[in-house]
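Enquirer: Below are the sequence and a predicted model for it; my questions follow.
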Amino acid sequence: MEKRKEMQYLFEYHDTLDSPYEAFLYDTSQMAFPIRSHWHYFMELIYMREGTALVECDGCNHILEPGDLIIFHPEAVHGIYAVTNGPLKYEVLKFDTNRLYTEKSYAPSLPMILRSASKDEHANVFFQESQLRHLPVASVFERCREELEKRDYGYGIIVHDRICDLMVGLIRIWRENGFDTDKLAGQTREINSFRDITTYIDAHAGEPIRVEELADRCNMSYSYFAKNFKQYYGRSCKEYIELIRISKAADMLLFTDFDLSYISQETGFSDSSHLIKTFRKWKGMTPKQYKQQHEKGYQRKSPLSVTTS
């Protein structure tokens with residue numbers, strides 16, 4: 001109970017993922033710092049450019065120097081602090097692991113491997129520069145940042161593929177350290193069933209979706225389906241459906257002029273009040289605030305800073 005209360009307190013409602021992928025350069029001379037301990041539902045990668053940082057992650061301390069990288073798995077409690085007096089610069093890459101797709105015939109899937117890695121002692125979260133020399137880490141962060149800034153045709157495909165390339169490279173390092181991905185391959189059939197379900201949810205998010213019916217589609221009992229869906233995707237099926245709907249609603253807010261009543265109908269919410277309540281739950285603000293924030297050319301100011309006196 002105490003652990004649950006602590007996690008609820010540390011959850012950062014404002015540090016949200018506004019799209020499937022985000023990438024930016026964090027400069028502590030221009031942005032709020034330090035970053036206090038918090039956690040969130042998406043994966044985050046930090047790649048140090050300038051300065052030296054003390055990074056706390058799930059009770060362990062790491063010193064990040066230029067060229068080093070660290071992974072924050074979903075729900076990992078983490079904070080970032082300065083070791084040197086000068087400003088820090090580091091690349092940030094955020095993404096929803098459930099949106100990383102590989103060929104259906106390929107198993108285990110990237111999302112499943114990453115969830116397993118978060119609980120495996122052989123899958124380290126901290127990588128020194130010397131371990132990464134064979135990987136184009138810097139160029140991956142730069143390309144993702146450039147594509148997300150320009151948002152030209154096909155940018156999402158390019159960003160997705162660059163992230164997959166990097167994560168596969170890191171997984172190979174884990175495998176060299178003893179992380180066993182082959183043990184997950186036996187669950188291919190079940191993985192494909194759940195992947196079909198997430199595809200169905202994405203295509204039918206605007207329609208009524210009952211978890212019981214999804215379980216029937218997989219020829220599974222409700223309890224077995226619910227338990228294993230959460231195991232594979234890190235959240236309940238109901239939460240996953242909500243996130244997909246909120247993601248679609250957020251896109252409609254930014255890229256269309258439809259009112260909330262219409263958006264709520266198109267994204268599977270019973271009415272605009274239901275949409276507003278759920279939107280606030282996941283984004284930490286109302287749809288109106290979200291739209292105004294982005295229309296102003298929202299400058300990323302971290303709400304995770306610790307005020308010092």
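Expert: Yep, it's here. Numbering: from 1, shown residues only.

Enquirer: residue ranges with poor pLDDT in the stretch 101-250 of the chain?
Expert: For the stretch 101-250 of the chain, the stretches flagged by pLDDT under 70 are 102-107, 185-189.

Enquirer: Show me where it has its strands.
Expert: 126-127 (DSSP state E, counting those that start in this stretch).

Enquirer: Can you tell me, leaving aside adjacent residues, what's nearest to residue 291?
Expert: Nearest residue to residue 291, sequence neighbours excluded (CB to CB, 6 or more residues apart in numbering): residue 253, at 4.8 Å. C-beta: built from backbone N, CA, C; applies to glycine.

Enquirer: before we move on, what SS does that neighbour have?
Expert: Here residue 253 takes the helix state, with states given by DSSP: H, G, I helix; E, B strand; the rest coil.

Enquirer: show me what contacts it?
Expert: 263, 287, 290-291 (CB atoms under 8 Å, 6 or more residues apart in numbering).

Enquirer: For residue 25, see how far away residue 89 is.
Expert: Distance from residue 89 to residue 25, counting by CB to CB, to the nearest Å: 6 Å.

Enquirer: so what sits against both of those two?
Expert: With contacts defined as CB under 8 Å, 6+ apart, the residues shared by residue 89 and residue 25 are residue 49.

Enquirer: tally of neighbours for the spatially closest residue to residue 190 that is not a sequence neighbour?
Expert: Distance criterion CB to CB, 6+ apart; nearest residue to residue 190, sequence neighbours excluded, is residue 228 at 7.0 Å. The local packing of residue 228 (other CB atoms under 10 Å) involves 19 other residues.

Enquirer: One more: the one 5 residues further on?
Expert: Per other CB under 10 Å, the neighbour tally for residue 233 reads 22.

Enquirer: Residue 240 is in contact with that one, correct?
Expert: Yes. Using CB atoms under 8 Å, residue 233 and residue 240 qualify as a contacting pair, with a distance of 5.7 Å.

Enquirer: anything in contact with each of these two?
Expert: In contact with both residue 233 and residue 240: 98, 198, using CB under 8 Å, 6+ apart.

Enquirer: Which residue ranges of the stretch 1-150 of the chain form helices?
Expert: All helices of the stretch 1-150 of the chain, identified by DSSP state H, counting those that start in this stretch, fall at 2-10, 110-117, 137-150.

Enquirer: returning to that earlier point: how near is the residue nearest to residue 291 to residue 260?
Expert: 9 Å.

Enquirer: list the residues that contact both of those two?
Expert: Common neighbours of residue 253 and residue 260 are listed as residue 287 (criterion: CB under 8 Å, 6+ apart).

Enquirer: most centrally placed residue in the chain?
Expert: residue 42 (2.4 Å; CA atoms, centre = their mean).

Enquirer: what about that one, distance to residue 223?
Expert: For residue 42 relative to residue 223 (CB to CB), the value is 27 Å.

Enquirer: and if you look at residue 48?
Expert: 45 Å.

Enquirer: Neighbour count for the two, which is higher?
Expert: Taking neighbours as other CB under 10 Å, residue 48 and residue 223 compare with residue 48 leading, 21 against 9.

Enquirer: Grab the nearest non-local neighbour of the more buried one.
Expert: The shortest distance from residue 48 to any non-neighbouring residue, by CB to CB, 6+ apart, is to residue 64 (4.4 Å).

Enquirer: domains for this structure, by residue range?
Expert: 1-180, 187-309 (automatic domain parsing).

Enquirer: Could you give the average pLDDT over the helix or strand where residue 280 lies?
Expert: Assessed by DSSP states H and E, residue 280 sits inside helix 272-283. Averaged over helix 272-283, pLDDT sits at 92.

Enquirer: quick one: buried residues of the helix or strand just after it?
Expert: Under the assignment DSSP H and E, the closest C-terminal helix or strand after helix 272-283 is helix 287-295. For helix 287-295, burial by neighbour count (16 or more other CB atoms under 10 Å) applies to 287, 290.

Enquirer: And stretch 136-145, by the same measure?
Expert: Buried-residue list, stretch 136-145, by 16+ other CB under 10 Å: 137, 140-145.

Enquirer: ok, now stretch 276-288?
Expert: Here stretch 276-288 shows 276, 278-279, 282-285, 287 as buried, counting by 16+ other CB under 10 Å.

Enquirer: now stretch 47-65
Expert: The neighbour-count check on stretch 47-65 (16+ other CB under 10 Å) flags 47-48, 51, 53, 55-57, 62, 64 as buried.

Enquirer: TSV for those residues, including distance to residue 21 and pLDDT?
Expert: Shown next, in TSV, are those (distance: CB to CB, whole Å; pLDDT from 0 to 100):
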residue	distance to residue 21	pLDDT
47	15	98
48	20	98
51	25	95
53	23	96
55	22	97
56	25	95
57	21	95
62	24	97
64	22	97
